[in-house]
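A.B. asks: Just a sequence and a predicted model for now, questions to come.
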Amino acid sequence: MQLFYVADCKENDVVCLDKEESTHIVRVLRMKESEEISLVDGKGNFFFAEIIDANPNRCCVKINRFISSFGKRDFYIHLGIAPTKNINRIEWLLEKATEIGIDEITPVICEHSERKEVKVERLEKIIISAMKQSLKAYKPILNPAKKISELINNSTEDYKLVCYCQGEERKYIKDVCKPKSSYLILIGPEGDFSEKEIELCKSNNFSTITLGEQRLRTETAALYSISNIHYINQ
C-alpha cells in the first residue's frame, strides 16, 4: 500500500493532489481513472478515494469513505532537541522518529548550541514522507525553534524529562514514567546543557535522566529516549 497526503479533505470531497504526488500516481504507478488510492491528512483521517482525473500535473480524486483516528495512541511524546551542527543528522532523526511514532518536535536553542537557526520547510517534507512510508495518519507537529528557557517555563506534560550526561541524581526513564501519559523529552547539544539550564529544569519539576554509561550522539539519544517511551506503553 502507498499513501498520499492532502492537508484538508472530507468524505465526498473532490480533491486535486499537487504535482509531485500526481506525477507519482500517474507516471510512476501508472494508475488510471476509477482506480482507488489511499490518502491521509496528517490529522488522523485515513481516506479511500477514486481517481476521476489521472492528470500527471494535477490528479483529482473523489473521497468515498474514511477512517477517523486511524492509529491513534493513548500517550503523547513531545521532543525538545537542540539542532546539530550537521543538519543531516536532525533530518535523519525526524524521519526515524516519525516512523517509530512521535507527536510533537520543538528545536531548542541552548547556551552551548552550535546551530542557532532551523529551516522548517525541508524538515516538514521529510516528516510527511516518513508519515506516508510508515502508514501513519497523524503528522507530528513541528514547531519553530525557540529558546530552551521558553519551552521549559511553558511545559505542561505529565512527565518532563531532561537527558543529562552528568550528575548523581539521574534515573532511567522506566523508573520515572508511567504509561498512558504525556511526555516531554529534552535532548541537549553536543556540549550538553549548561548548569544554569539544568537548574531551570529542576525548578520546573523536570526529572534528570540517564541513558546509560555509553555516550550517545544527540540524534541517537533522542531516538533511544523515544523508543523507551514506546516500550513502557506496550
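C.D. replies: Noted; the coordinates are in hand.

A.B. asks: can you tell me which residues contact the most centrally placed residue in the chain?
C.D. replies: Residue closest to the average C-alpha location in the chain (C-alpha atoms, centre = their mean): residue 140, at 3.9 Å. Applying C-beta atoms under 8 Å, 6 or more residues apart in numbering to residue 140 gives the contacts 94, 97, 98, 102, 103, 104, 105, 127, 131. Where C-beta positions appear, they are placed from N, C-alpha and C, glycine not excepted.

A.B. asks: Confirm the second one sits in a helix?
C.D. replies: Yes - inclusion of residue 97 in a helix is indicated when DSSP: H, G, I helix; E, B strand; the rest coil is applied.

A.B. asks: While we're on it, how confident is the model there?
C.D. replies: Turning to residue 97, the model gives it a pLDDT of 97.

A.B. asks: wait, it sits on residue 226?
C.D. replies: Yes - in terms of C-beta atoms under 8 Å, residue 97 counts as a neighbour of residue 226; the distance is 5.6 Å.

A.B. asks: Tell me which of these two has more neighbours.
C.D. replies: The residue with more neighbours, out of residue 97 and residue 226, is residue 97; 24 against 21, by other C-beta atoms under 10 Å.

A.B. asks: quick one, what contacts the more buried one?
C.D. replies: With contacts defined as C-beta under 8 Å, 6+ apart, residue 97 is in contact with 79, 105, 140, 222, 223, 226.

A.B. asks: gap between the residue nearest to the residue nearest to the centre of the chain when sequence neighbours are not counted and residue 223?
C.D. replies: In space, not counting the residues next to it along the chain, residue 140 is nearest to residue 102; the distance is 5.1 Å by C-beta to C-beta, 6 or more residues apart in numbering. As for residue 102, its distance to residue 223 is 10 Å (criterion: C-beta to C-beta, to the nearest Å).

A.B. asks: Counting neighbours, go ahead and name the busier of those two.
C.D. replies: Neighbours around residue 102 and residue 223, counted as other C-beta under 10 Å, are more numerous at residue 102. The numbers are 25 against 20.
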